[in-house]
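Enquirer: Sequence and predicted structure below; questions after.
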Amino acid sequence: MAMLATHQDPTDLLAVQRMQDYIEANLKEPISLRGLADAAGYSPFHAARLFKERTGKTPFEYIRALRLSRAALILRDGSDTVLTVALEFVFSSHAGFTRAFTRQFGLPPSEYRRRGGPLNLFIPFQVLASYHALQQGGSKMTQESTTRTIFVQVVERPARKLLLKRARNAEHYYAYCEEVGCDIWDVLCSVQEALYEPVGLWLPAHLIPAGTSKYVQGVELPLDYQGAVPDGYELIDLPPCKMMVFQGEPYDDSVFEEAIQEVWKHVKTFDPTLYGYRWAPEAAPRFQLAPMGYRGYIEALPVEPINA
């Protein structure tokens with residue numbers, strides 16, 4: 001994944017974002033370099049160079065990887081034939097689609113449909129949101145920030161398995177990405193048997209082997225999961241637990257760090273005993289969902305009833 005520098009020109013980033021938006025809107029239609037250039041407002045040569053600089057892929061590498069990843073999800077979840085899916089994503093033949101799919105994922109589409117399992121899907125990042133995050137990265141809430149409503153509820157998690165990838169020293173998301181890369185999420189999103197969406201987790205002490213990190217990324221699976229475990233990943237058991245979930249208000253994606261800080265500030269001062277619970281940090285991992293502005297930032301901490 002390409003890393004963005006904070007000194008980049010926002011005008012160029014807006015152009016790349018327009019190209020990303022154009023690709024998303026036309027993914028199942030033929031896309032030309034001229035069409036991308038028109039969306040960017042630059043010449044074809046400059047648009048292609050800019051796109052590669054900001055995303056790490058040429059426009060057509062990006063388009064192909066995104067089409068193949070979307071096609072993989074349809075093969076996993078749907079009943080359309082391989083040829084139907086290939087044509088839907090603008091591949092001209094079954095053979096061409098099979099070759100491209102095999103190069104991308106290491107197995108033919110027919111085999112993937114038959115056996116399933118995790119794949120390293122391509123999930124693109126939005127360059128403009130990444131730019132805003134880097135501009136504000138590590139910054140604290142603005143002093144005049146208005147307190148927002150935080151929604152709190154207690155949910156029960158059943159006994160389950162956790163498919164995870166450990167780092168060595170990471171204690172938060174950015175350190176984790178520096179150690180193991182940011183493509184772990186792509187693999188986790190491909191697991192069909194997932195009980196919930198992938199999460200970032202802070203593990204309790206008893207789940208942290210020596211020489212491994214407190215912060216990991218993973219996805220929760222049924223207790224009887226018998227599927228594949230990718231190289232470098234691990235499958236562990238988690239007992240039933242109760243989680244106190246904190247959810248902030250919807251926010252603009254460009255200021256997601258402020259939204260996270262707002263929830264963290266609330267968690268730090270929240271007294272669960274007022275609702276008949278106490279914190280239970282060893283009962284289960286604390287977890288965070290991927291920040292998405294439309295739903296607000298969501299984080300959950302393990303609790304137990306006071307009278308338990």
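Expert: That came through fine. Numbering: from 1, shown residues only.
Enquirer: any low-confidence regions in the stretch 151-300 of the chain?
Expert: Filtered on pLDDT under 70, the stretch 151-300 of the chain yields no residues whatsoever.
Enquirer: which residue ranges form the helices in it?
Expert: Listed in chain order, the helices of the stretch 151-300 of the chain (DSSP state H, counting those that start in this stretch) span 173-180, 184-189, 256-269.
Enquirer: then the shortest one to CSV, C-alphas only?
Expert: Going back to what we said before, that points to helix 184-189. Taking C-alpha atoms only, helix 184-189 is exported to CSV below (Å, rounded to 0.1, in the frame of the first residue of the first chain):
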residue,chain,number,x,y,z
ILE,A,184,-4.3,-8.0,6.8
TRP,A,185,-7.8,-6.5,6.7
ASP,A,186,-8.2,-7.6,3.1
VAL,A,187,-7.7,-11.3,4.1
LEU,A,188,-10.0,-11.0,7.1
CYS,A,189,-12.8,-9.5,5.0
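Enquirer: quick check, distance from it to the centre of its chain.
Expert: When distances are taken as C-alpha atoms, centre = their mean, to the nearest Å, helix 184-189 is centred 7 Å away from the chain's centroid.
Enquirer: who does it touch, helix- and strand-wise?
Expert: strand 160-165, strand 215-221 (3 or more C-beta pairs under 8 Å, 6 or more residues apart in numbering; DSSP states H and E). Quick note: C-beta positions are derived from backbone N, CA and C, even for glycine.
Enquirer: repeat that for 10 Å
Expert: Secondary-structure packing of helix 184-189 (3 or more C-beta pairs under 10 Å, 6 or more residues apart in numbering; DSSP states H and E): helix 59-77, strand 160-165, helix 173-180, strand 199-202, strand 215-221.
Enquirer: Now the spatially closest residue to Thr58 that is not a sequence neighbour: which helix or strand?
Expert: In space, and not counting its chain neighbours, Thr58 is closest to Lys52: 5.2 Å by C-beta to C-beta, 6 or more residues apart in numbering. Counting by DSSP states H and E, the element that carries Lys52 is helix 44-55.
Enquirer: what angle separates that helix from helix 59-77?
Expert: Relative orientation of helix 44-55 versus helix 59-77 (axes from the mean of the first three to the mean of the last three C-alpha atoms, to 10 degrees): 60 degrees.
Enquirer: Name the residues of helix 44-55 that are buried.
Expert: Buried positions in helix 44-55, judged by neighbour count with 16 or more other C-beta atoms under 10 Å: 44, 47-48, 50-52, 54-55.
Enquirer: same thing with stretch 238-256?
Expert: Those would be 238, 241-244, 246-248, 251, 253-256, for stretch 238-256 by 16+ other C-beta under 10 Å.
Enquirer: same question, stretch 168-181
Expert: Across stretch 168-181, burial judged by 16+ other C-beta under 10 Å covers 170, 173, 175-177, 180.
Enquirer: of all those, which comes closest to Phe270?
Expert: Nearest to Phe270 among the buried residues of stretch 168-181 is Tyr173, at 21.8 Å by C-beta to C-beta.
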